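S.K.: coordinates only, sequence not included:
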């Protein structure tokens, strides 16, 4: 084969440091555009993005030249610098160390986009921790609850 063909959909989830509920709704649109732009610069296509006060959900088609860890490291580092440069918060902003990145098949893209779109109403019913634990359980990933 002379060409490589890939399609890697990832549902990425990352939270504010200490899960502080500090993401302000008035900045959501600008934050979404910025993160989507970062993904585009890395040849990745953002299919959906949304957040609540303490975490972000991002559905992205990951380009074959990027590893998940490199993509997440760059998105989080550059977006936290952007937030700090904007001066949106009185204290230094940063994302939590870890993240979740879960594969998604083409047949599930619409469902995942809807899930992300409805984050604000969804997170009125359950906490971030309760929501996040569902992912390793669904994907049969061993985890320690104290590390969630």
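M.R.: Done, it's in. None of the values given here were measured: they were computed from a predicted structure. Residues are numbered from 1 along each chain as shown.
S.K.: near residue 126, how many other residues are there?
M.R.: For residue 126, the neighbour count with other Cβ atoms under 10 Å is 12. From N, CA and C alone the C-beta is placed, and that goes for glycine too.
S.K.: list the contacts for it?
M.R.: Residue 126 makes no contacts at all, as judged by Cβ atoms under 8 Å, 6 or more residues apart in numbering.
S.K.: which helix or strand in this protein has the lowest average pLDDT?
M.R.: Ranked by mean pLDDT, DSSP states H and E, the weakest helix or strand in the chain is helix 128-138, scoring a mean of 85.
S.K.: burial count for the residue lying closest to residue 52 once chain neighbours are set aside?
M.R.: Leaving aside its chain neighbours, residue 52 sits nearest to residue 123 (4.6 Å; criterion: Cβ to Cβ, 6 or more residues apart in numbering). Using other Cβ under 10 Å, residue 123 has 19 neighbouring residues.
S.K.: next: the one 5 residues further on.
M.R.: As a burial measure, the neighbour count of residue 128 was computed by other Cβ under 10 Å and equals 18.
S.K.: could you pull up the contacting residues of it?
M.R.: 15, 19, 52, 54-55.
S.K.: what do you get for residue 10?
M.R.: Applying Cβ under 8 Å, 6+ apart, the residues contacting residue 10 are 58-62, 68, 101-104.
S.K.: among the residues you listed, which are located in helices?
M.R.: Cross-referencing the contacts of residue 10 against helices under DSSP state H gives residue 68.
S.K.: and the contacts of residue 10, which are buried?
M.R.: Among these, the ones that count as buried by 16 or more other Cβ atoms under 10 Å are 58-62, 101-102, 104.
S.K.: all helices for this protein, in order.
M.R.: For the chain, applying DSSP H gives helices covering 28-41, 68-86, 109-117, 119-122, 128-138.
S.K.: switch those helices over to CSV; also include distance to residue 92.
M.R.: Output for the helices of the chain, formatted as CSV (distance: least, Cβ to Cβ, whole Å):
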stretch, distance to residue 92
helix 28-41, 16
helix 68-86, 6
helix 109-117, 27
helix 119-122, 25
helix 128-138, 21
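S.K.: quick one: closest of the ones you listed to residue 5.
M.R.: Minimum separation from residue 5 across those (Cβ to Cβ) falls at helix 109-117, 17.3 Å.
S.K.: where in the chain is pLDDT low?
M.R.: In the predicted model, the chain carries pLDDT under 70 at residues 1.
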